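K.L.:
can't give you the sequence, but here's the structure:
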Ligand code: XBP
Ligand code: MG
């Protein structure tokens, strides 16, 4: 059996509840700033979280929900309607007046497919009203990149205002790990500036030996790539590490990389299906704020996750039966 060498943490939803009151608000502010009349409600955003990555999420929204655009996509210095601006989206809307009624969330491959392969059939239908010069998948990429850059700025402003605290037990566990010289790393789907901004604001960047984030790997969670990257960078085997995640995608990514995982659910993930986590908790717990164990085994007197329990988790095998947790759990 391997000795514990490192803890690897997901960021969003695990270190802090960043999604509903952080990323979501930042997306909406970026949309408003770009004069788009898009709004991601708490409920809709919960569904959109099935798509990993902010840029990918915007692309999916454009592709699958065919949103009602505002006449101006105003990015300073870019012109008001360049490339994938109003006229193009309007054209697509006109041709497809009944947007997809459901959020079907197809597999990762197909959710990437906005661009010429989708536009081409519509061009045919438009009776020769071809898309203009400069309308290419590259233009859409640029549009999404601009929108996402604006979102990053708003997210960082939210963090700077102190709007997003750490979840219970996170700071305590990290402190304890550091006193025991257990190495620390981050594996997140979020863009690097967003991850580092949260760490700087709430913890200390220098505590983390590796911060693997965003586009560093081509395939985001649930693909295992980000975890495989961290393991390679640290020169560790999966058996020497314990992962902390909050979502099904995260658990899948870690499992596929062969890593044992503790899951701490939150409002957005509490109804997800978690096959075989080592431990499923509502949060890591504090001496004065005990955790609730949703699946897995802990000693009778354990009320929060400390390093002794972390080591026990690494020794244990995953719980045997896949569990579906319920809201009341
Ligand atoms: C979090 C995500 C991210 C954030 C937005 O995944 O899915 O997409 O919602 O991040 P994880 P960016 O919990 O694995 O970190 O806008 O920075 O991409
Ligand atoms: Mg997460």
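P.N.:
Structure's in. What do you need? From a predicted model like this one, the values you see are computed outputs, not experimental measurements. Ligands and ions are numbered 1, 2, ... in the order given.
K.L.:
and for residue 205, the neighbour number?
P.N.:
Applying other Cβ atoms under 10 Å, we find 12 residues neighbouring residue 205. Quick note: C-beta positions are derived from backbone N, CA and C, even for glycine.
K.L.:
for it, which non-adjacent residue is closest in space?
P.N.:
residue 199 (5.2 Å; Cβ to Cβ, 6 or more residues apart in numbering).
K.L.:
contacts for the one helix or strand that neighbour maps to?
P.N.:
Using DSSP states H and E, residue 199 maps to helix 192-202. By Cβ atoms under 8 Å, 6 or more residues apart in numbering, the list of residues contacting helix 192-202 from outside reads 11, 15-16, 18, 23, 152, 155-156, 159-160, 162, 164-166, 171, 186, 188, 205, 208, 211, 213-214, 216.
K.L.:
6 Å instead?
P.N.:
Under the criterion Cβ atoms under 6 Å, 6 or more residues apart in numbering, residues 11, 152, 155, 156, 159, 166, 188, 205, 213, 214 lie in contact with helix 192-202.
K.L.:
surely the first one meets residue 187?
P.N.:
Read that as residue 11. No - using Cβ atoms under 6 Å, residue 11 is not in contact with residue 187, being 8.4 Å away.
K.L.:
of the two, who's got more company?
P.N.:
Regarding residue 11 and residue 187, a neighbour count based on other Cβ under 10 Å identifies residue 187 as having more, with 33 against 23.
K.L.:
now do the contacts for the more buried one.
P.N.:
Contact analysis of residue 187 by Cβ under 6 Å, 6+ apart lists 8, 212, 226, 227, 230.
K.L.:
ok, residue 236 touching residue 3?
P.N.:
No - with contacts defined as Cβ under 6 Å, residue 236 does not count as touching residue 3, sitting 10.6 Å away.
K.L.:
between those two, tell me which one has more neighbours.
P.N.:
The neighbour count for residue 236 versus residue 3, taken as other Cβ under 10 Å, is higher for residue 236 (18 against 9).
K.L.:
confirm that that one sits in a strand.
P.N.:
No - looking at residue 236 with DSSP: H, G, I helix; E, B strand; the rest coil, it is coil, so not inside a strand.
K.L.:
and the helices in the protein?
P.N.:
Using DSSP state H, the helices found in the chain span residues 24-33, 42-48, 54-60, 86-95, 108-111, 116-125, 137-160, 170-179, 192-202, 225-234, 248-256, 307-315.
K.L.:
and the longest one, what's its mean pLDDT?
P.N.:
Regarding helix 137-160, the rounded mean pLDDT is 93.
K.L.:
and that helix with helix 24-33, angle?
P.N.:
120 degrees (axes from the mean of the first three to the mean of the last three Cα atoms, to 10 degrees).
K.L.:
okay, the angle between helix 137-160 and helix 192-202?
P.N.:
Going by the same axes, to 10 degrees, helix 137-160 makes 0 degrees with helix 192-202.
K.L.:
same thing with the first one?
P.N.:
Relative orientation of helix 24-33 with respect to helix 192-202: 130 degrees, computed using the same axes, to 10 degrees.
K.L.:
identify the residues contacting helix 24-33?
P.N.:
Applying Cβ under 6 Å, 6+ apart, the external contacts of helix 24-33 come out as 38, 39, 40, 45, 147, 150, 151, 154, 155.
K.L.:
figure out the length between the terminal residues of stretch 268-279.
P.N.:
In stretch 268-279, first residue to last residue: 18 Å (Cα to Cα, to the nearest Å).
K.L.:
got the residues of the protein near ligand 1?
P.N.:
For the chain, the residues in contact with ligand 1 (Cβ under 6 Å from any ligand atom) are 10-13, 19, 23, 52-54, 151, 188-191, 194, 214, 221, 247, 250.
K.L.:
same thing but at 5 Å, please
P.N.:
Within the chain, the residues that sit near ligand 1 (Cβ under 5 Å from any ligand atom) are 10, 11, 12, 23, 52, 53, 54, 188, 189, 190, 191, 194.
K.L.:
which residues of the chain score low on pLDDT?
P.N.:
Confidence mapping of the chain against pLDDT under 70 gives the ranges 1, 66-137, 317-329.
K.L.:
still on that earlier bit, quick check, nearest of the contacts of residue 187 to residue 65?
P.N.:
Out of those, the one with the shortest distance to residue 65 is residue 226. That distance is 27.0 Å, counting by Cβ to Cβ.
K.L.:
without its sequence neighbours, what residue ends up closest to the closest one?
P.N.:
residue 187 (4.6 Å).
K.L.:
now do stretch 9-23: distance to the chain's middle.
P.N.:
If you compare the mean C-alpha spot of stretch 9-23 with that of the full chain, they lie 8 Å apart, counting by Cα atoms, centre = their mean, to the nearest Å.
K.L.:
revised request: answer the last question for stretch 12-32.
P.N.:
Its chain's C-alpha centre and that of stretch 12-32 lie 10 Å apart, by Cα atoms, centre = their mean.
K.L.:
ends of that stretch, what's the gap?
P.N.:
Stretch 12-32 has an end-to-end distance of 23 Å (criterion: Cα to Cα).
K.L.:
what does stretch 219-238 give?
P.N.:
End-to-end distance for stretch 219-238: 19 Å, by Cα to Cα.
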